[in-house]
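In: Output the structure for:
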Amino acid sequence: MVIQWDIALAYAFGLVILYLLGWLVTAPFKWVFRLIANGIVGGAVLIAINWIGGRWGFHIAVNIWTALVTGFLGLPGVGVLLLLRFL
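Out: Presented below is the predicted three-dimensional model:
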């Protein structure tokens with residue numbers, strides 16, 4: 001059995017291209033999923049802070065800006081919002 005190196009290299013090159021295309025397709029979905037997951041966790045923490053802090057008159061508005069901060073940063077974003085609220 002003789003291995004034809006040009007065909008073997010073409011298969012290897014095709015596999016590398018297929019892997020790169022698959023990565024390019026799935027990478028944005030991972031980023032969007034992470035953004036959604038951070039937003040859900042951050043929003044839940046903001047609602048919990050508003051529910052607990054409502055007894056003492058402390059709240060953080062849940063709007064598009066706070067949702068973006070918590071979506072991009074997650075729990076550290078909630079910390080940033082708390083810090084900004086105290087300043």
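
In: Now Leu84. Its backbone dihedrals?
Out: Note on Leu84: its backbone torsions stand at phi -70, psi -30 [degrees, to the nearest 10].

In: same thing with Val25?
Out: Note on Val25: backbone dihedrals following degrees, to the nearest 10 are phi -80, psi -40.

In: Just the CA atoms of the helix or strand bottoming out on mean pLDDT in the chain, as PDB, please.
Out: Across the helices and strands of the chain, mean confidence by mean pLDDT, DSSP states H and E is lowest for helix 64-73: a mean of 82. What follows is the C-alpha trace of helix 64-73 in PDB, where atoms were taken according to Å, rounded to 0.1, in the frame of the first residue of the first chain:
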ATOM      1  CA  ILE A  64     -31.200  49.000  30.200                       C
ATOM      2  CA  TRP A  65     -27.900  50.500  31.600                       C
ATOM      3  CA  THR A  66     -27.800  48.400  34.700                       C
ATOM      4  CA  ALA A  67     -28.800  45.300  32.600                       C
ATOM      5  CA  LEU A  68     -25.900  46.000  30.200                       C
ATOM      6  CA  VAL A  69     -23.400  46.400  33.100                       C
ATOM      7  CA  THR A  70     -24.500  43.200  34.800                       C
ATOM      8  CA  GLY A  71     -24.700  41.400  31.400                       C
ATOM      9  CA  PHE A  72     -21.100  42.300  30.400                       C
ATOM     10  CA  LEU A  73     -19.500  42.100  33.900                       C
END
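
In: List the buried residues of that helix.
Out: 66, 69-71 (16 or more other CB atoms under 10 Å). C-betas here are computed from N, CA, C, even on glycine.
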